[in-house]
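> sequence below, structure please.
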Amino acid sequence: MHLLANENIPGPLVGELRAAGHDVAWMVEDGPGTPDEPIVERAAAEGRILQTSDLDFGELVFRHGVPAQSGVILLRLPSDSLDRFVSAAMAALNSREDWEGHFSVVELGRIRMSPLPRPPEA
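Okay, the predicted model is just below:
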């Protein structure tokens with residue numbers, strides 16, 4: 001998978017994803033402090049699935065019509081233990097391959113997916 005990990009994605013998860021062979025760009029390395037809209041635009045431009053724990057991306061994508069044709073994965077996992085968070089995230093990400101074109105909410109024991117708005121045709 002080609003992923004763009006938001007700043008709130010912990011380094012150990014980024015490391016696990018890279019070790020598993022995924023192409024992961026991480027905003028901590030590439031642009032700390034970047035506002036949300038340019039992050040969505042970057043993910044779309046680079047064909048990456050945006051991975052975040054920030055609820056604001058749901059509103060940005062759906063209510064404000066910012067298309068993210070690649071996909072968004074919102075991790076709503078327990079943060080009481082970093083190991084538990086990373087383990088649950090990896091299990092969820094490895095459980096399916098149809099992340100593209102969806103806004104996906106990953107919680108313990110379930111994944112909810114909604115189709116993303118399509119960009120307007122030129």
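
> my read is residue 113 is in a strand, agree?
Yes: Residue 113: assigned to a strand according to DSSP: H, G, I helix; E, B strand; the rest coil.

> find the least confident helix or strand in this protein, judged by mean pLDDT.
Each helix and strand of the chain was given a mean pLDDT (mean pLDDT, DSSP states H and E); the minimum falls on helix 56-58 at a mean of 89.

> for that one, which helices and strands make contact with it?
helix 36-46, strand 72-75 (3 or more Cβ pairs under 8 Å, 6 or more residues apart in numbering; DSSP states H and E). (Each C-beta comes from the backbone N, C-alpha and C, glycine too.)

> can you redo those as CSV with mean pLDDT and mean neighbour count?
Shown next, in CSV, are the helices and strands packed on helix 56-58 (pLDDT from 0 to 100; neighbours: other Cβ atoms under 10 Å):
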stretch, mean pLDDT, mean neighbour count
helix 36-46, 92, 17
strand 72-75, 96, 24
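
> quick revisit: tell me the buried residues in the least confident helix or strand of the chain?
residue 57 (16 or more other Cβ atoms under 10 Å).

> identify the residues contacting that helix?
By Cβ atoms under 8 Å, 6 or more residues apart in numbering, the list of residues contacting helix 56-58 from outside reads 6, 36, 40, 50, 72, 74, 103.

> need the contact list for the fifth one.
Contacts of residue 72 were listed using Cβ under 8 Å, 6+ apart, and they are 40, 43, 49-52, 57-58, 61, 102-104, 116.

> in the chain, which spans are strands?
Counting by DSSP state E, the chain has strands at residues 2-5, 23-26, 49-52, 72-75, 102-107, 110-115.

> longest helix of the chain?
Determined from DSSP state H, the single longest helix within the chain is helix 82-94.

> next up, the contacts around residue 64.
Applying Cβ under 8 Å, 6+ apart to residue 64 gives no contacts.

> so who does residue 5 touch?
Remark: with contacts taken as Cβ under 8 Å, 6+ apart, residue 5 is in contact with 13, 14, 17, 24, 25, 26, 27, 28, 51, 52.

> re earlier: JSON lines for the strands of the chain, including distance to residue 86?
Output for the strands of the chain, formatted as JSON lines (distance: least, Cβ to Cβ, whole Å):
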{"stretch": "strand 2-5", "distance to residue 86": "12"}
{"stretch": "strand 23-26", "distance to residue 86": "13"}
{"stretch": "strand 49-52", "distance to residue 86": "12"}
{"stretch": "strand 72-75", "distance to residue 86": "10"}
{"stretch": "strand 102-107", "distance to residue 86": "12"}
{"stretch": "strand 110-115", "distance to residue 86": "17"}
